[in-house]
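In: pasting a predicted model and its sequence here:
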Number of protein chains: 2
Amino acid sequence: MNFSIAQAAARSGLSIDTLRYYERIGLVDPPARDSGGRRSYSEDDLGWLEFLTRLRTTGMPIRMMREYARLRHGGVGTAALRKQILVEHRASVRERVAELTKCLDVLDYKIDHYDQIERKHAHLLNDLPQEATA
Amino acid sequence: MNFSIAQAAARSGLSIDTLRYYERIGLVDPPARDSGGRRSYSEDDLGWLEFLTRLRTTGMPIRMMREYARLRHGGVGTAALRKQILVEHRASVRERVAELTKCLDVLDYKIDHYDQIERKHAHLLNDLPQEATA
DNA sequence: GTAGGAGCTGGAGTACGCTCCAGGTCAACC
DNA sequence: GGTTGACCTGGAGCGTACTCCAGCTCCTAC
């Protein structure tokens, strides 16, 4: 099964321009071409794109993804290096999650503060004499 | 207690240039000045900066922080709007954490795959006749 | 055989969030 | 009173990751 660039874009969630851009900078290997010279993406290509988008989602910089992509071509001999990249990246993602969780606490705290303001307002209104709220 | 821009930078973790930049774009109010015309940050200023850095850490775009900053000047009447911004932002941060957690699973999976390759290699080496490993 | 739509290339442009710089002021210390 | 160092301003420059464009080719459908 092969896919046009539009289909690959739809499946990967990337734009057509981004797909060509990734190819240009060496993030993805140039896909096969059909008889008319158009890109024809394989399932494997899409699998790699999906993994790339995961790495991007987690904030891996493109130059690191490029390094990883380069190592893939080196075969099993580069497995240890590739693993190292992923392990280090995983650590940084975990850190990031911890950081976000801490910020979520601050947001909760602030929002709670606004809730209290609202309650106080409602309270004041309720305590007014009947005529004043009319 | 007041702070020079260098001290404010050290405490907030932002650079001096970034502090001036934030002021220029209306993210922070112009701080007081000392007799020599230099910025003099108050505790309140630093508190706001700390909150801002939390929002930045969680990826809130600057224009949204600016909107929030603008609303602060509106007093208690804008509390509901400010709360809304925070509530919406909290939702997006939670989403982001969920997304990262999913990506962490993929990373775990991949790393586990590399572990298996390593074990297979070690195994092969162990199974070789004694002379071949010398 | 021609109109329309998808895709092609190389290169320029954009959004965001800083970061750096030149040229000047000011206060303090020697 | 001269040097040093922190700070000032307005404005230019930069890195990242796309995004857009002009001008062209190719296939399909009528």
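Out: Looks like it arrived, so ask away.
In: let me know the pLDDT of the residue positioned nearest the centre of chain A.
Out: Centroid check for chain A by C-alpha atoms, centre = their mean gives A:Thr57 as the closest residue, at 1.6 Å. Looking at A:Thr57, its pLDDT reads 96.
In: tell me the domain ranges of chain A?
Out: A:1-73, A:79-134 (automatic domain parsing).
In: how about the longest one, does it reach chain B?
Out: Yes: contact check for domain A:1-73 against chain B, using C-beta under 8 Å from any C-beta of the partner chain: residues in range are A:51, A:54-55, A:57-58. From N, CA and C alone the C-beta is placed, and that goes for glycine too.
In: weed out the non-buried ones from those.
Out: Buried residues within the residues of domain A:1-73 next to chain B, counting neighbours by 16 or more other C-beta atoms under 10 Å in any protein chain shown: A:54-55, A:57-58.
In: can I get those residues in JSON lines with secondary structure and distance to A:Glu43?
Out: Formatted as JSON lines, those follow (DSSP: H, G, I helix; E, B strand; the rest coil; distance: C-beta to C-beta, whole Å):
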{"residue": "A:Arg54", "secondary structure": "helix", "distance to A:Glu43": "17"}
{"residue": "A:Leu55", "secondary structure": "helix", "distance to A:Glu43": "19"}
{"residue": "A:Thr57", "secondary structure": "helix", "distance to A:Glu43": "21"}
{"residue": "A:Thr58", "secondary structure": "coil", "distance to A:Glu43": "23"}
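In: closest one of the residues you listed to B:Arg96?
Out: A:Thr57 (9.1 Å; C-beta to C-beta).
In: strands of chain A, residue ranges please.
Out: For chain A, the strands defined by DSSP state E occupy A:32-33, A:39-40.
In: still on that earlier bit, tell me, how many residues neighbour the spatially closest residue to the residue nearest to the centre of chain A that is not a sequence neighbour?
Out: Nearest non-adjacent residue to A:Thr57, counting by C-beta to C-beta, 6 or more residues apart in numbering or on different chains: B:Cys103, 5.5 Å away. Counted by other C-beta atoms under 10 Å in any protein chain shown, the residues lying close to B:Cys103 total 22.
In: what do you get for A:Ala98?
Out: 11.
In: where does pLDDT dip in chain A?
Out: Scanning chain A for pLDDT under 70 picks out the ranges A:129-134.
In: what distance do you get for A:Asn2 to B:Ala8?
Out: 58 Å (C-beta to C-beta, to the nearest Å).
In: so which of those two has more stuff around it?
Out: Using other C-beta under 10 Å, the more surrounded residue of A:Asn2 and B:Ala8 is B:Ala8, with 22 against 15.
In: so the more buried one makes contact with B:Glu50?
Out: No: using C-beta atoms under 8 Å, B:Ala8 and B:Glu50 do not qualify as a contacting pair, with a distance of 10.5 Å.
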